[in-house]
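Peer 1: sequence unknown, structure follows:
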């Protein structure tokens, strides 16, 4: 497609959950809490915003005439989520994380944060509105196709999770409601579908560089705003994986092209992305009529003088290559992970272990163990990894036994006696016996049998060298 000739305009909005307690209370952000023990129901209605008008998207939701059922866990929700208590002062840690993100995206923080109410009556917010606050303006991200401007960065509260939808009611779970969410909106200067994906990936790397954002399915969402000449702005929600973003955009272009060719009017609207990349209508496009000030939260002055900015993932990856000789792919995987601090602590402490081995153990070994043995070692802590590396650094276990040690640690049955290394004399005697039992066998076959029996009892290189030496000597 010739996107310029099409009059293609595209911008993206990224919503990322932050790893801290909720935005307007002290409840923990347990977004997958279980065993609800609180139940109640509500009906919501749209109200006029600051312009004196009722937002058309809110009116559309109210016209459905549904009521809303809510369930909550007392471990992750309180009276604030139930709209039975005023919001507490804004979470200062969440505000600081949002400011770090804003400055890493070259944006200018506002002088004072004024929380606003955004009318939402689809039931996803018990109060009938979402609290949101402008944090910074006029940022940008550099891409292969030029600079993409980021006009707005906001901090807002996450919505409740929909768990059932019927003709009469919608049911929501409140554990997710109120989790701090940073919203990053670009302008419409994105050139084509693949460019949109690149922009989303670059912003995603900045978010992950903080080390303070939630990870996993549902913790980050992308919305795409698209229009072409003769069409209308459409906002597409509902897809979490960046890889399908180009397909979603292409389908929307084709949808608008077909409507234009058929002589049909295209209305501004919000649509939902389906798994196949196509979209369905959700509601009319909301406007400024849904916004009005939040009078229960005191405005917060912004100070960024002493704010430290984290190292960007790209910079960190390059440093790992340069300082510790990691390969490019391994360095990038490590820099993107949550084990960066563990890695840096371990390489400084354990001088007898190659940094690349430490990195591979932290990044790849857990996946290999799960694939080969169906064992999950995600429960291991930094302290337990440190103990394992200490055994290796002091020569008490071999590199070849680390995988088995990790499995035993994760299952709470590690015994150092099981992995104690042989002395050189003991190793030589064992290898001689294996050679005697396999006289006339090729050296490669003997090597395999020795390794199978003695793996983990000595370093692999030492075993290999000794086999080569003894296989050529008279026994």
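Peer 2: Alright, I've got the coordinates. From a predicted model like this one, the values you see are computed outputs, not experimental measurements. Numbers count the residues shown, from 1 in each chain.
Peer 1: Quick check: which element contains the nearest residue to residue 132 once chain neighbours are set aside?
Peer 2: Counting by C-beta to C-beta, 6 or more residues apart in numbering, residue 132 lies nearest to residue 156, which is 3.7 Å off, once chain neighbours are set aside. C-beta coordinates here come from the backbone N, C-alpha and C atoms, glycine included. For residue 156, the element it lies in under DSSP states H and E is strand 146-157.
Peer 1: Of all the residues in the helix or strand just after that strand, which ones are buried?
Peer 2: Downstream of strand 146-157, the first helix or strand assigned by DSSP H and E is strand 161-165. For strand 161-165, the neighbour count (16 or more other C-beta atoms under 10 Å) marks residue 161 as buried.
Peer 1: and the helix or strand containing residue 357, what does it pack onto?
Peer 2: Assigned by DSSP H and E, residue 357 belongs to helix 355-360. The contact analysis (3 or more C-beta pairs under 8 Å, 6 or more residues apart in numbering; DSSP states H and E) places helix 355-360 against helix 313-324, helix 328-336, helix 340-349.
Peer 1: Any chance you could list what contacts the last one?
Peer 2: Just to be clear, that refers to helix 340-349. For helix 340-349, contacts defined as C-beta atoms under 8 Å, 6 or more residues apart in numbering pick out 211, 316, 324, 334, 353, 355, 358-359, 362, 382, 385-386, 389, 393.
Peer 1: ok now it, how far from the chain's centre?
Peer 2: 22 Å (C-alpha atoms, centre = their mean, to the nearest Å).
Peer 1: for it, what is the average pLDDT?
Peer 2: Average pLDDT, helix 340-349: 95.
Peer 1: Next: the shortest one.
Peer 2: The pLDDT scores in helix 328-336 average 94.
Peer 1: quick check: angle from that helix to helix 340-349?
Peer 2: 120 degrees (axes from the mean of the first three to the mean of the last three C-alpha atoms, to 10 degrees).
Peer 1: Run through the neighbouring helices and strands of helix 328-336.
Peer 2: Using 3+ C-beta pairs under 8 Å, 6+ apart, helix 328-336 sits against helix 313-324, helix 355-360.
Peer 1: Comparing those helices, which comes out most buried?
Peer 2: Sort the helices and strands packed on helix 328-336 by mean neighbour count, taking mean count of other C-beta atoms under 10 Å, and helix 355-360 sits at the top with a mean of 20.
Peer 1: Following the chain onward from that one, which element is next?
Peer 2: Downstream of helix 355-360, the next assigned helix or strand under DSSP H and E is helix 366-373.
Peer 1: what's that following helix in contact with?
Peer 2: Counting by C-beta under 8 Å, 6+ apart, 375-378, 403, 406-407 sit against helix 366-373.
Peer 1: Quick check: mean pLDDT of the helix holding residue 357?
Peer 2: 96.
Peer 1: Going forward, the N-terminal residue is numbered 55.
Peer 2: Taking 55 as the first residue, the last one we looked at is helix 409-414.
Peer 1: gap between that helix and the chain center?
Peer 2: Centroid displacement of helix 409-414 relative to its chain, using C-alpha atoms, centre = their mean, is 23 Å.
Peer 1: Tabulate the helices and strands packed on helix 382-390 (TSV), appending distance to residue 139.
Peer 2: Converted to TSV, those look like this (distance: least, C-beta to C-beta, whole Å):
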stretch	distance to residue 139
helix 367-378	39
helix 409-414	47
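Peer 1: Quick one, which of those helices gets closest to residue 291.
Peer 2: Residue 291 sits nearest to helix 367-378 of all those, at 26.7 Å, using C-beta to C-beta.
Peer 1: Any buried residues in stretch 316-332, and which?
Peer 2: For stretch 316-332, by 16+ other C-beta under 10 Å, it's 320, 322-325, 327, 331.
Peer 1: Likewise for stretch 176-194?
Peer 2: Quick answer for stretch 176-194 (16+ other C-beta under 10 Å): 176-190, 193-194.
Peer 1: okay, now residue 214: neighbour count?
Peer 2: 25 (other C-beta atoms under 10 Å).
Peer 1: from memory it sits against residue 228, does it?
Peer 2: Yes. Contact criterion C-beta atoms under 8 Å: residue 214 and residue 228 qualify, at 5.3 Å.
Peer 1: Mutual contacts of the two, please.
Peer 2: By C-beta under 8 Å, 6+ apart, the residues touching both residue 214 and residue 228 are 124, 180.
Peer 1: Could you pull up the contacting residues of residue 284?
Peer 2: By C-beta under 8 Å, 6+ apart, the contact set of residue 284 is 61, 310, 314, 320.
Peer 1: Mind telling me what element the second one is part of?
Peer 2: Pointing back at residue 310 there. Counting by DSSP H and E, the element that carries residue 310 is helix 299-315.
Peer 1: Report all helices and strands that that helix contacts.
Peer 2: Counting by 3+ C-beta pairs under 8 Å, 6+ apart, helix 299-315 packs on helix 247-263, strand 274-281, strand 288-293, strand 333-338.
Peer 1: Quick one: residues in contact with it.
Peer 2: By C-beta under 8 Å, 6+ apart, helix 299-315 touches 55, 60, 62, 64, 66, 247-248, 250-251, 254, 276, 278, 280-282, 284-286, 288, 290, 293, 319-320, 325, 327, 331-333.
Peer 1: repeat that for 6 Å
Peer 2: Residues outside helix 299-315 that contact it (C-beta atoms under 6 Å, 6 or more residues apart in numbering): 247-248, 250-251, 280, 282, 284-285, 288, 290, 320, 327, 331-332.
Peer 1: for this structure, which residue is closest to the average position?
Peer 2: Residue closest to the mean C-alpha point of the chain, counted by C-alpha atoms, centre = their mean, is residue 269 at 2.9 Å.
Peer 1: Return the distance of the closest residue to that one other than its chain neighbours relative to residue 154.
Peer 2: Counting by C-beta to C-beta, 6+ apart, residue 269 lies nearest to residue 392, which is 7.2 Å off, once chain neighbours are set aside. Relative to residue 154, residue 392 is positioned 17 Å away (C-beta to C-beta, to the nearest Å).
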